[in-house]
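[1] Kindly return the folded structure for what I paste below:
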Amino acid sequence: MKRVDGGYEVAVTNTGTRAGDEVVQLYTHQRASRDEQPLKQLKAYERVSLEPGRTKRVRLPLRTKDLAHWDVTRSKWVVESGTYDVQVGASSADIRSRTALGVKGETVPPRDLARTTRAENFDDYDGTRLVDESKPRGTAVSASADGAWLEFADARLGPAARLTARVAGAAGAVEVRLGSPAGRLLGTATADGTDSPYAYETVTAPLRNVPEGRGDVYLVLRCAARACACPRSRCAERVRPAQPRTAPRWAGPARPCAGPGGLRTAVVSAQHRAGLRHEHSASPSPEAVPAAVRAAPGRTAVTVPPSPEDARVATIASSSGFTLAAR
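    Numbers count the residues shown, from 1 in each chain. Next up is the predicted model:
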């Protein structure tokens, strides 16, 4: 395999006694990344037809921008600096040639909690599903059981004064914890509930003992006591909690929330003592983020009509994965 302008070139030879076709495929793998990466990604392929004993040189395109992936921390495409494995073969399980490619890109910084973060842009999760934030647009995260959580990894931590959340639907609470779903509690915002899953109210709570540095922040979604009891007639309708794409760091007991919905989160935000408050940014449109990107490996996106009992969090302000407020 040889590096050429705009890609790679490989020689393909028919070693058999009959004419045949082969689909030459080029895969890449990013050795180190801020985000979990697939073992192989198909980047180019070409079908060739060869007579017995004949050889043909096949050129497969690969540009630096083809190595980009969606950065959930900043809602943009990014090519990270590092080493990428380039592999060519007849299939992902039949690699015939490989090489390494050094790329000078950028380093994804820690999450900036002084800026709004969409709740859907989490790094890991348990017991949640993606739902509609409103009828015309937006994506929220719904809890299928009490204690469901979202992880926002590698966040820049610092003094934060309060947690702000915009919620709708049934009564519930949003906890901000550090290190794990059962880690240090930084603050809790509670909601009394609204008449509609699309009618939002804003709730706040003070944040305490927020350390300096970097860390993993967890958003834990709690149902109110009256909302956690699942009526017998609705228990069969409950949506099975989505399985985490990685082994959860915590596997405590979970109680079902009322109805097929549950507590939802759409945007998280926090205010720091520095003082600036930022309005939440819109989530990327479906055209900007293909379904294959929006549904990370190991996740399945399912559209489920919301029930009146659904409780959602649309905007959250906190100190590590959401939008933090500083006053």
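
[2] C-alpha from now on. contacts and neighbour counts both.
    Will do.

[3] Residue 53: neighbour count?
    12 (other Cα atoms under 10 Å).

[4] Please read the previous query as pertaining to residue 151.
    Residues near residue 151, counting by other Cα under 10 Å: 25.

[5] Just give the closest residue to it, not the sequence neighbours.
    Spatial nearest neighbour of residue 151, excluding adjacent residues (Cα to Cα, 6 or more residues apart in numbering): residue 218 at 4.6 Å.

[6] Show me what the helix or strand hosting that neighbour pairs with in its sheet, parallel or antiparallel.
    Counting by DSSP states H and E, the element that carries residue 218 is strand 213-223. Its sheet considered, strand 213-223 pairs with strand 148-157 (antiparallel), strand 172-178 (antiparallel) by DSSP bridges.

[7] quick check: mean pLDDT across the helix or strand just after the longest one?
    Read that as strand 148-157. Next in sequence after strand 148-157, counting helices and strands by DSSP H and E, comes strand 162-169. If you average the pLDDT over strand 162-169, you get 76.

[8] What about the residue lying closest to residue 150 once chain neighbours are set aside, how many residues nearby?
    Using Cα to Cα, 6+ apart and skipping the chain neighbours, the partner closest in space to residue 150 is residue 125 (4.4 Å). When neighbours are defined as other Cα under 10 Å, residue 125 has 22 of them.

[9] Can I take it that residue 125 is in a helix?
    No: Residue 125 is assigned strand when assessed by DSSP: H, G, I helix; E, B strand; the rest coil, not a helix.

[10] quick one: low-confidence parts of the stretch 1-150 of the chain?
    Across the stretch 1-150 of the chain, the ranges flagged by pLDDT under 70 are 114.

[11] circling back: might one say that the residue nearest to residue 150 is in contact with residue 147?
    No: checked against Cα atoms under 8 Å, the pair residue 125 and residue 147 is beyond contact range at 11.0 Å.

[12] With respect to burial, which of the strands paired with strand 213-223 scores highest?
    Highest mean neighbour count among the strands paired with strand 213-223 (mean count of other Cα atoms under 10 Å): strand 172-178, with a mean of 26.

[13] any idea which helix or strand comes after whichever strand or helix holds residue 190?
    Element membership for residue 190, per DSSP H and E: strand 184-191. Sequence order places strand 201-206 as the next helix or strand after strand 184-191, per DSSP H and E.

[14] What helices and strands are in contact with that following strand?
    strand 162-169, strand 184-191 (3 or more Cα pairs under 8 Å, 6 or more residues apart in numbering; DSSP states H and E).

[15] how many degrees apart are the first one and strand 172-178 in direction?
    Here the directions of strand 162-169 and strand 172-178 differ by 150 degrees (axes from the mean of the first three to the mean of the last three Cα atoms, to 10 degrees).

[16] Strand 162-169: partners in the sheet, and parallel or antiparallel?
    As defined by DSSP bridges, the strand partners of strand 162-169 come to strand 201-206 (antiparallel), strand 311-317 (antiparallel).

[17] ok, of the ones you listed, where does mean pLDDT dip lowest?
    Looking at the strands paired with strand 162-169, the bottom one is strand 311-317 with a mean of 41.

[18] CA atoms of stretch 50-70 as PDB?
    C-alpha atoms of stretch 50-70 as PDB (Å, rounded to 0.1, in the frame of the first residue of the first chain):
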ATOM      1  CA  LEU A  50      -9.500  -9.100 -13.200                       C
ATOM      2  CA  GLU A  51      -8.500 -12.000 -15.600                       C
ATOM      3  CA  PRO A  52      -6.400 -14.800 -14.100                       C
ATOM      4  CA  GLY A  53      -2.800 -13.600 -13.300                       C
ATOM      5  CA  ARG A  54      -3.600 -10.000 -14.000                       C
ATOM      6  CA  THR A  55      -2.700  -7.100 -11.600                       C
ATOM      7  CA  LYS A  56      -4.300  -3.700 -11.300                       C
ATOM      8  CA  ARG A  57      -3.400  -0.800  -9.100                       C
ATOM      9  CA  VAL A  58      -6.500   0.600  -7.300                       C
ATOM     10  CA  ARG A  59      -6.600   4.100  -5.900                       C
ATOM     11  CA  LEU A  60      -8.700   4.700  -2.800                       C
ATOM     12  CA  PRO A  61      -9.400   8.300  -1.700                       C
ATOM     13  CA  LEU A  62      -8.800   9.400   1.900                       C
ATOM     14  CA  ARG A  63      -8.600  13.000   2.900                       C
ATOM     15  CA  THR A  64      -7.800  14.400   6.300                       C
ATOM     16  CA  LYS A  65     -11.400  15.700   6.700                       C
ATOM     17  CA  ASP A  66     -12.700  12.200   6.100                       C
ATOM     18  CA  LEU A  67     -11.300  11.400   9.600                       C
ATOM     19  CA  ALA A  68     -13.600  13.800  11.300                       C
ATOM     20  CA  HIS A  69     -16.100  12.700  13.900                       C
ATOM     21  CA  TRP A  70     -18.900  14.600  15.800                       C
END
